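**Q** Generate coordinates for the sequence data below:
(one chain, ligands or ions: 1)
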Amino acid sequence: MITYPLPLTANWQRGAALNSLSTTEQSWLLEPGSLTAKLKSHGRDFSVQVLSELQCILTLEQQQLLDCSHEKIINREVLLWCDGLPMVYAQSWLPVTDDMQQQQLLVLGNKPLGDIIFQHPDLKRTEIEVACFDRQHCIQQLVSQYSSTATDLWGRRSVFSLMKSRFLVSEIFLPGAFIYT
Ligand SMILES: C=C(O[C@@H]1C=C(C(=O)O)C=C[C@H]1O)C(=O)O
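**A** Next comes the predicted model:
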C-alpha cells in the first residue's frame, strides 16, 4: 500500500555540476522548458494520471526551499504517460495563494501543470537539481506496479516562481522514459 506523498529524500545536487551525465541524460534532466512539451514532442499519445492531491504541511526542508511558511499547501502527485507507458512521476507542492487560484493551478485535474505555467513570460525557475533514486528508494513501490525490474532512476527538481508564489516541482523518470534509451 503506497502512502502519499512519497518522500523524495535523496542526494540532490546541482545538475550543472554533474560532468558524468550522457548527452541524453543532460537533455532530459537539464531541460529548461516544459517536460510536458518535451514528452509530447517525442511521443504521440500523452496523458496525466492523478495519483494524489492532498492539502499538506511542508517539511522544514520544503519550507526552506520554498522560502515560505504557507499554512495551506497542495501536494499534487501524478504520472505522465506517453505512448502507453508511465514515463514520469511528478510531485508538486503548490501554495494555496490568490495567484495560484487565479491561474487555476489548484484545480488542474488531468491537465498538465506545464501547459499553464509555461505560458507565462514571467515564469522563473531555480537551477535544476538532480538526484539518483536507487533500488531501495520508496519510489520503487510505485515503479513495481508497472515494471518487473527495479533499477536506479534519475530525478530532477526546481522551484518555480510565478507572480508572488513559489512552488516546488520534482520529477522522477520511470524505467520506460526516453532518458534511458
Ligand atoms: C512543470 C511541468 O508540468 C509537468 C506536469 C505536472 C503536473 O501536471 O502535475 C507536474 C510536473 C511536470 O512534469 C512541465 O511540463 O515541465
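**Q** and the residue in the chain that the ligand sits nearest to, backbone torsions?
**A** Relative to the ligand, the nearest point of the chain is Gly114 (2.0 Å; C-beta to the nearest ligand atom). Yep, even glycine has a C-beta here, placed from its N, CA and C like the rest. Backbone dihedrals for Gly114, given as degrees, to the nearest 10, come out at phi -60, psi -30.
**Q** ok, and what's touching stretch 170-181?
**A** With contact meaning C-beta atoms under 8 Å, 6 or more residues apart in numbering, stretch 170-181 is reached by 8, 24-25, 27-29, 35, 39, 42, 79, 82, 85-92, 133, 139, 143, 146-147, 149, 151, 153-157.
**Q** Which residues of this protein lie near the ligand?
**A** Contacts of the chain with the ligand, taken as C-beta under 6 Å from any ligand atom, map to 34-36, 48, 76, 78, 80, 88, 90, 92, 108, 112-114, 169, 171.
**Q** sorry, back to before: give me the buried subset of the contacts of stretch 170-181.
**A** 8, 25, 28-29, 35, 39, 79, 82, 85-92, 133, 139, 143, 153-157 (16 or more other C-beta atoms under 10 Å).
**Q** Now for this protein, the helix or strand with the poorest mean pLDDT.
**A** In the chain, no helix or strand scores lower on mean pLDDT, DSSP states H and E than helix 60-66, which sits at a mean of 82.
**Q** got the buried residues for that one?
**A** Gln62, Leu65, Leu66.
**Q** Could you save these as a markdown table and add columns showing distance to Leu162?
**A** Output for these, formatted as a markdown table (distance: C-beta to C-beta, whole Å):
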| residue | distance to Leu162 |
| --- | --- |
| Gln62 | 17 |
| Leu65 | 16 |
| Leu66 | 12 |
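**Q** Now do the same contact list for Ala10.
**A** Counting by C-beta under 8 Å, 6+ apart, Ala10 touches Ala131, Cys132, Phe133, His137, Gly155.
**Q** who touches the fourth one in this structure?
**A** Spelled out, that is His137. Counted by C-beta under 8 Å, 6+ apart, His137 has contacts Ala10, Leu153.
**Q** Where strands are concerned, which of the contacts of Ala10 count?
**A** Ala131, Cys132, Phe133, Gly155 (DSSP state E).
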